[in-house]
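> Sequence unavailable; structure follows:
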């Protein structure tokens, strides 16, 4: 996975748009049209695959095979989309993806903030070691735990169940880092005041600390949802019966099976898989981008 | 930590509202509460991360295969035999070279592209900044499987990329079926998929570059390139380090692109260490797969360490 460091805490982004450290407008006046042209070309090249995917999904098989390739659909069709719903029942895979992602997000929000609170605001033996241990696992490649994890899940008889899909992802080290760093910034005086007023630790946590943790919870929620929605390798192995497939698994297996050459169907499937997440991204893009800048992870 | 716990309590230091309990029992109580907060995470983390991590390490010194899952007693300890087998395996050595190729070309390229985009977005343009950022970041949020479908089209011999290359007079290769060009195609995809993340990180880092210093340098006659290399880059050092470490941890695990695009081919030319490991797992050679995964782990740890050393040393 990825490794956050403390170089970038949520601060710096704020100055990015309209902060005090603005450069004088004079500079770059000459180069500006050129900058725009280059950026425009670069962004066009970046989103070209998506444009092609979208346009291709409305083409017939014959048109997709035609050379020279057409750009705009000549004989537009919705058949590629309708067969995803009527024959392949994509709504089933969509529901699986959504269930797994929601449970993973909720679990991480709860467990990571609880341990984050203990690590940031309490003293206990083993604290430093525990934090270090969790951080070191950020460097562990996925393939290291892959085999024993699969052996374990199959011995527990969990293959092709929802728990197999979400359990291994409920406790993310990144989440611990994120919550702890933010909670370290909460003044001790606020927590002391609650304790002096006779609030229990649980009450202090739920009524005083958590309401202050909106930003890191949003970040963690977004990152976890994204990771779960796009997760591919583990669900491919852990979901072995078709009714447990998540969207990426379903798309991948259909694209290597008997539909391998049904290009229109595959392009429509791709559009259906990425549309929810791209829509979410565009709607929440400010938070997405702050998440990345805050933690250095995607 | 608890060496002072046997001393007599010092009443004024007591912050507990219940005052009566001494510091040592209060400390013990707080430790208990703290562990109660930590336990749900620790339990899941232990079962699904630590146990697999340790068993994978143990497995790498055994001849564990898929047949032993039901009967672990039959597993034999073989010492470092799996590691010896691994380094004598031509396919594994090939996969290490492929991974090195991907990392050594992919990381500098991704960093250069992302830095160029970040600097361009930070150069004082006002309009469409958000639109540009969204555009460059979109590949990051999309599923590799969905993206692979369209990239396979783009990389066909008569696909979009070769059509564009043809327009400028270059006869493009059959990207995915060429042992020479399959890896560059994987790198191209990886740059496209990862530049958005690095761009955002670099953009945040660029906010720390002092506008006064840049202006002073300009007054002193430094040109744009000199200002960039003498002021912007040194300020960006910690951010570049972060980017390099993030990318190397990710790129060393290079797997998804070849898995969905080439299946490691043609002729193993895009087979990575992760992919080799995954294949051994598929063959049921769990011991060998575990050994390969630990080689990768060590490589990741070493490369991160080297980068921290190299980029920290000048501070």
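Sure thing, it's come through. Everything quoted here is computed from the prediction, not taken from an experiment.

> quick one: secondary structure of the closest residue to residue B:105 other than its chain neighbours?
Leaving aside its sequence neighbours, residue B:105 sits nearest to residue B:187 (CB to CB, 6 or more residues apart in numbering or on different chains; 5.7 Å). No exception for glycine: its C-beta is placed from N, CA and C like everyone else's. Under DSSP: H, G, I helix; E, B strand; the rest coil, residue B:187 falls in the helix class.

> and what of residue B:173?
Per three-state DSSP, residue B:173 ends up coil.

> Once you drop chain neighbours, what's closest to it?
Nearest to residue B:173 is residue B:181, by CB to CB, 6+ apart, at 4.5 Å.

> Tally up the residues packed near the residue nearest to residue B:105, please.
Residue B:187 sits with 22 neighbouring residues when counted by other CB atoms under 10 Å in any protein chain shown.

> how close does it sit to residue B:266?
16 Å (CB to CB, to the nearest Å).

> Buried residues, the helix or strand hosting residue B:238. List them.
If you go by DSSP states H and E, residue B:238 is part of helix B:233-252. Within helix B:233-252, the residues that qualify as buried are B:235-236, B:238-252, counting by 16 or more other CB atoms under 10 Å in any protein chain shown.

> Likewise for stretch B:131-145?
B:132-145.

> Same question for stretch A:81-99.
For stretch A:81-99, a neighbour-count test (16+ other CB under 10 Å) marks A:81, A:83-84, A:88, A:90, A:93-94, A:96-98 as buried.

> Any idea how far apart the tips of it sit?
23 Å (CA to CA, to the nearest Å).

> Other residues contacting that stretch?
The set of residues external to stretch A:81-99 that reach it, using CB atoms under 8 Å, 6 or more residues apart in numbering or on different chains, is A:57, A:162, A:165, A:228-229, A:239, A:243-250, A:254, A:265, A:268-269, A:272, A:276.

> repeat that with 6 Å
Outside stretch A:81-99, the residues within contact range by CB atoms under 6 Å, 6 or more residues apart in numbering or on different chains are A:245-247, A:250, A:268.

> quick one: it to chain centroid distance?
Computed by CA atoms, centre = their mean, to the nearest Å, the chain-centroid distance of stretch A:81-99 equals 20 Å.

> tell me the mean pLDDT over it?
For stretch A:81-99, the mean pLDDT works out to 89.

> Sitting in helices, which of the buried residues of stretch A:81-99 do you find?
Within the buried residues of stretch A:81-99, residues falling in helices by DSSP state H are A:81, A:83-84, A:90, A:93-94, A:96-98.

> where exactly do the helices run in chain B?
Here chain B has its helices, by DSSP H, at B:23-45, B:51-59, B:81-88, B:90-121, B:129-141, B:144-154, B:160-167, B:182-206, B:211-219, B:224-227, B:233-252, B:256-261, B:273-282, B:286-312.

> picking that back up, the residue nearest to residue B:105 touches residue B:108, doesn't it?
No - using CB atoms under 6 Å, residue B:187 is not in contact with residue B:108, being 10.6 Å away.

> quick revisit: looking at the contacts of stretch A:81-99, state which has the most neighbours.
residue A:246 leads the contacts of stretch A:81-99 on contacts (other CB under 10 Å) with 30 neighbours.
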